[in-house]
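Trainee: have a look at this prediction, sequence included:
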Amino acid sequence: MPKLFSDPEAVVEDIIRDVGPDLVVGLPLGLGKANHIVNALYARAVADRSIRLTFFSALTLEKPRPSNLLERRFISPVIDRLFGAYPDLAYADALRANELPPNVQVIEFFFLAGRWLHVPSAQQNYISANYTHASSYLLARGLNVVTQLVAKRVVDGVARYSLSCNTDTTLDVLRARSQGRTSFRLIGQVNSELPFMPGAGDLPGEEFSAILESPETEFPLFAPPSEPVTDAKYAIGLHAAGLVRDGGTLQIGIGQVSDALAQGLILRHRDGGQFEATVKRLVPNGPPFETAPFEKGLYGVSEMLFEAFIGLIDAGVLKREVDGVLLHGAFFLGPKSFYRALRDMTPEQLARIQMMPVSFTNELYGDEDQKRRARVDARFVNNAMMATLMGAAVSDGLDNGQVVSGVGGQYNFVAQAFALSGARSILTLEATRQSGSRLQSNILWSYGHETIPRHLRDIVVTEYGVADLRGKSDADVIAAMLQIADSRFQDELTRSAKDAGKLPANFVIPSAWRQNHPDRIADALRPARQAGLLPWFPFGSDFTDVEQRLIPALQFLQEVQRAPRRLPALLWQGWMRQPDAADAECLARLGLDKPANWPERIYRALVSAALVKSRIA
């Protein structure tokens, strides 16, 4: 049985006594980090430079960092409410400040998106890896300790421990240990908020060398609140929802597009007429798409499990069982309501959600025949940052070598889409992005970095429609990508393709493609928005009602600030209006109800006007 501890420093002392001073420590991706043990290990290495400490991890979670007055006033109370008692990871603070001691190394294969740009040590020690390869890289580096947050349950007087949120790589390295290919100590830290998930990650105590359990080391789970779903993301999600077949299989990646897709599937299931009408308003003369309700239902197999999947189960969309299971996942992360929903499920409900190793969810190898039978008509839906006209996707990094996030499981799922009969890879991206005051296209002629090469091009979706690229010639692929590009960039992109000899010189963009503008998307979605079919937060939110009203206004204001010429008119409108009671609540939430100086008066006027403009938009 494991040694039981109430003090993390004592755990560290036991680890060093047993393993020695050369520590290669695997930390689960995201939520599953045993923060108190990790911080105690780091503190010991800082104090004793004879210890060589390597953390191998992914997705280090950090509290939001506001950057200006409005952000601070909006997000600081949210941080206190949702993250106030969450223990910061000391190595992350030191890494960001470039203060890691020379005997400590932090290696990650996936970053929280954009958070580690231009942090030299993080960028230099990043490993580009498929999620499924991470465990083998851990073993190759001499893994000797794994620390993990666990849930506890006592059965017939005997404690059992669930890997809960992170079966992903831990189960894979445990399998290697059971096969005699490695030896390491598994150390658990009990957290009472963590749902006890049944299945392969439900482990007996003897799998662990030590367990930390104490009221002093309890902490609230990291719970990022759901973000509002914009018009562009809803349009993308609705297009993707029309590509999913009843009786099929679904994998969804990270982000608001995933919420939009799930809500689109629910709308299609509950009201096919409204779904069809909305998609046809988005693309009046588009190709046929799926509109039937989900009579057979979908089966889910996704490396990430998040709140939208619970919504799909509750709505009766995710109901096709495979060996009694609706959904196989490898890790989870989400808002407080998501963790609460898992904790509140009956044993029968929870048994239909099984956490598995990432080698199961992301690969066909191992029980391949069974996986092929289960994963019929699979749709693997993942986000990209940019795409080229010839169908390559850029999802993890920039052409200067800076890493934004990581490859994760995206390449795995794209490869599965080509290996499975009837399966498709769907890569989603917004057609444009704002870079400072400049609007840029996310569809480019070429780019100096690729995550998914063009020979694996399949389906690409933007807010303007669907480009089916599989098996098409380069010229046809380019034409399809132009059809879903923002119209403000179509001419420039067409010239680049013609200059390279990849489009006929007489090619002309059809007039039907020339209407790809954000205003048209907003107009097409407005009826469904007003009918409550496409809510800002389709699966609930940890934001208060006042905060939910503020978010679109602050986003609108952020957009206006990128085009400063619009600010004077907005300021005048806010100056001249008297806020109603609801808007007054919003201003009070930001401390602008009684401005004490001229900057606060200006902010008050801008926010007041933005509250009106964001409702109109």
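Mentor: Happy to help now that I have it.

Trainee: and the longest helix along the chain, what does it pack onto?
Mentor: Across the chain, the longest stretch assigned as helix under DSSP state H is helix 598-616. Helix 598-616 makes packing contacts with helix 69-83, helix 545-561, helix 567-576, helix 581-589 when contacts are defined by 3 or more Cβ pairs under 8 Å, 6 or more residues apart in numbering; DSSP states H and E. Quick note: C-beta positions are derived from backbone N, CA and C, even for glycine.

Trainee: out of those, which is closest to Phe294?
Mentor: Closest to Phe294 of the helices and strands packed on helix 598-616 is helix 545-561 (Cβ to Cβ; 29.1 Å).

Trainee: looking at that closest one now, give me its mean pLDDT.
Mentor: Taken as a whole, helix 545-561 has a mean pLDDT of 90.

Trainee: what number of residues lie near the spatially closest residue to Ile266 that is not a sequence neighbour?
Mentor: Nearest non-adjacent residue to Ile266, counting by Cβ to Cβ, 6 or more residues apart in numbering: Ala315, 4.5 Å away. Close neighbours of Ala315, defined as other Cβ atoms under 10 Å, add up to 17.

Trainee: for Ala308, see how far away Ala315 is.
Mentor: 10 Å (Cβ to Cβ, to the nearest Å).

Trainee: same thing with Arg141?
Mentor: Note on Arg141: its distance to Ala308, by Cβ to Cβ, is 35 Å.

Trainee: and those two? Which one has more around it.
Mentor: Shown here are Arg141 and Ala308; by other Cβ under 10 Å, Ala308 has more neighbours (25 against 14).

Trainee: I'd say the more buried one and Leu250 touch.
Mentor: No: at 10.3 Å, Ala308 does not count as touching Leu250 under the criterion of Cβ atoms under 8 Å.

Trainee: next, the angle from the longest helix of the chain to helix 567-576.
Mentor: 90 degrees (axes from the mean of the first three to the mean of the last three Cα atoms, to 10 degrees).

Trainee: now do helix 598-616, average pLDDT.
Mentor: Across helix 598-616, pLDDT averages out at 89.

Trainee: just how off-centre is that helix within its chain?
Mentor: Taking Cα atoms, centre = their mean, to the nearest Å, the mean C-alpha location of helix 598-616 is offset from the chain mean by 31 Å.

Trainee: mind listing what's buried along it?
Mentor: Within helix 598-616, the residues scored as buried using 16 or more other Cβ atoms under 10 Å are 600, 602-614.

Trainee: what of stretch 506-517?
Mentor: By neighbour count on 16+ other Cβ under 10 Å, the buried set for stretch 506-517 is 509, 513, 516.

Trainee: export the residues you listed to CSV and tack on pLDDT?
Mentor: Formatted as CSV, those follow (pLDDT from 0 to 100):
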residue, pLDDT
Ile509, 95
Trp513, 94
Asn516, 97
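
Trainee: element containing Ile187, please.
Mentor: Assigning secondary structure by DSSP states H and E places Ile187 in strand 185-190.

Trainee: which elements pack onto that strand?
Mentor: helix 8-19, helix 35-47, strand 145-155, strand 210-212.

Trainee: quick check: Arg320 touching Leu326?
Mentor: Yes: counting by Cβ under 8 Å, Arg320 touches Leu326, with 7.4 Å between them.

Trainee: all strands for the stretch 251-400 of the chain, in order.
Mentor: Counting by DSSP state E, counting those that start in this stretch, the stretch 251-400 of the chain has strands at residues 299-305, 327-332, 353-355, 378-383, 386-388, 393-394.
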